[in-house]
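# got a sequence here, can you model it:
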Amino acid sequence: MKIACLSLAQLYGEFVLGGSQKVLNDIILGLRKNNIQVRVFCPKEKFQSNDSFIGDVKIEKILNLSGSFPSPFEIPLYDFQELEITLNKIARWADRIYLHGDGWILREQFLDKPIISGIHDLIYQESVSSVFAFNSKKIIIPSEYLLRTIHSSIPAGKYKTKNLSVIPNAISKSTNNSIKTKNNSLILLFPHRPDPRKGINLALKIANEFIKTNLWKKVVLKVPKFNEELDRDKKNSNITSNKYKDEFISNNGELYFHDWIPIEDMNDYYSSGDLTLCPGNFIESFGLVPLESVNNLTPSLCSAVGAFRDLRDIPGVESIPFGFTEDFVSKGLFLLKNKDKLISGKDMIQEKFSYTKMIKSYVEEFTNLDKSSNELEYLTTESGQYYLAPWCFISDRMIYHDYIGWISETKNKISLNDSNKISIDDNIIELCLQKRILIPSIR
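Presented below is the predicted three-dimensional model:
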């Protein structure tokens, strides 16, 4: 079997920018270990550079695209002719076309070869349109959260035409097996790209609150620097709040900006910290960072947003309502006092999110294109007429909506009863339907 993997984003081989690119590297290496022929394609570079590889697979930088995600098709119309010729050549070679992240507005150019889409979020227009409007033989997604979101977002008839398979992302094998002992410094990690929605300003605010506990002589917050040359995602920026940054530094906090960590050094990086922070409101579709952190025996604190909510049963991970800074600190102190839970958390993660399991699933899905069956469960109202949308959850008798935020009108008017059914004030049902908090059970 010959598989052509295409990425709209620029690829740099071992230099990985973000979780999606790590997953692509894992897939390529796994397919090669299974003796599958693979070629990888991404946009051309403006300036000539050294060849880049994923294992023994050369990255072919030949696609006539802008290279700037999430708008790679911002190119002159005449360039599409050259792109069409290139895609035709790729399709003639391949048995399968794998679109990592998809977003391909061009479909006919693949000459009716089976297209498999790998969708890693539902934030960017490219991924949303790939699910809603474009046709693929199969769509692979990383989490039940994303599956429930798709099921609850599109008409039932359209959903039935989609062939969706869930393959959780793999976690890197950890070589760190010793739990750190308490010292005079608290090292906080913020291992995220500089999208403001990832929560850098909340991380500074949380770090300030840790200083106020007076439990450590020094609190350090480690943050990757923004690399404008390599990271061409236009939604990224290195904006930090001067208010929180100045307060943190004036309180003798140490803000350490470091270069982007190579993928082979990430285990050591996670092990260097005492706590990993994921405090943003970016709608995570999987939850790689907290899992990688606990896998290296460093506990993690994350906002209860998106797929992060599905990690709450993993020892060593605490999921906290978005924006509740004091809860981040109290939960952090709890994790630091209960580090014995990390071993069981690591064992659970390695069993559930193993590399071997992920690659086996990808090989099976690439080989067998039959339609997958997916059973979904939701929290329903007592009448069963409505269910809670997967992008919402109930906290402190109020709704948090991943796309809107806290909805104050629901305060003290919605809750879960002892039977795990939704109790709701009749006066806000219309509001909940309008804001897509509740979904009719029959659509």
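
# how about the strands in the stretch 101-250 of the chain?
115-118, 138-141, 164-166, 185-189, 218-224 (DSSP state E, counting those that start in this stretch).

# quick check on Ala170: phi, psi?
Backbone torsions for Ala170, taken as degrees, to the nearest 10, come to phi -90, psi 150.

# circling back: minimum distance to Val289: which of the strands of the stretch 101-250 of the chain has it?
Judged by C-beta to C-beta, the one of the strands of the stretch 101-250 of the chain that comes nearest to Val289 is strand 185-189, at 8.8 Å. To be clear about C-beta, it is placed using only N, CA and C from the backbone, and glycine gets the same treatment.

# report the inter-axis angle for the closest one versus strand 218-224.
Calculated by axes from the mean of the first three to the mean of the last three C-alpha atoms, to 10 degrees, strand 185-189 forms an angle of 20 degrees with strand 218-224.

# before we move on, the earlier item: how about a markdown table for the strands of the stretch 101-250 of the chain, with mean neighbour count and mean pLDDT added?
A markdown table is the format used below for the strands of the stretch 101-250 of the chain (neighbours: other C-beta atoms under 10 Å; pLDDT from 0 to 100):
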| stretch | mean neighbour count | mean pLDDT |
| --- | --- | --- |
| strand 115-118 | 24 | 96 |
| strand 138-141 | 24 | 96 |
| strand 164-166 | 18 | 96 |
| strand 185-189 | 21 | 96 |
| strand 218-224 | 20 | 94 |
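
# redo those as a markdown table? Include distance to Asn295.
Below are those laid out as a markdown table (distance: least, C-beta to C-beta, whole Å):
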| stretch | distance to Asn295 |
| --- | --- |
| strand 115-118 | 22 |
| strand 138-141 | 22 |
| strand 164-166 | 20 |
| strand 185-189 | 14 |
| strand 218-224 | 18 |
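
# closest one to Ile343 among those strands?
That would be strand 185-189 among the strands of the stretch 101-250 of the chain, by C-beta to C-beta, at 19.7 Å.

# pLDDT value on Pro70, please?
Here the pLDDT value assigned to Pro70 is 66.

# same check, this time on Glu229
58.

# equivalent analysis for the one 4 residues further on, please.
As predicted, Asp233 sits at a pLDDT of 47.

# mind checking which of the strands of the stretch 101-250 of the chain is nearest Lys411?
The closest of those to Lys411 is strand 185-189. By C-beta to C-beta, the value is 31.3 Å.

# packing partners of the closest one?
Strand 185-189 sits against helix 200-212, strand 218-224, strand 275-278, with contacts defined as 3 or more C-beta pairs under 8 Å, 6 or more residues apart in numbering; DSSP states H and E.

# ok, which of the strands of the stretch 101-250 of the chain comes nearest Asp402?
Taking C-beta to C-beta, strand 138-141 is the member of the strands of the stretch 101-250 of the chain nearest to Asp402, at 15.9 Å.

# now what about that closest one, what contacts it?
Residues from elsewhere that reach strand 138-141 (C-beta atoms under 8 Å, 6 or more residues apart in numbering): 114, 116-120, 130-131, 147, 150, 162-167, 285, 362, 365, 369, 372.
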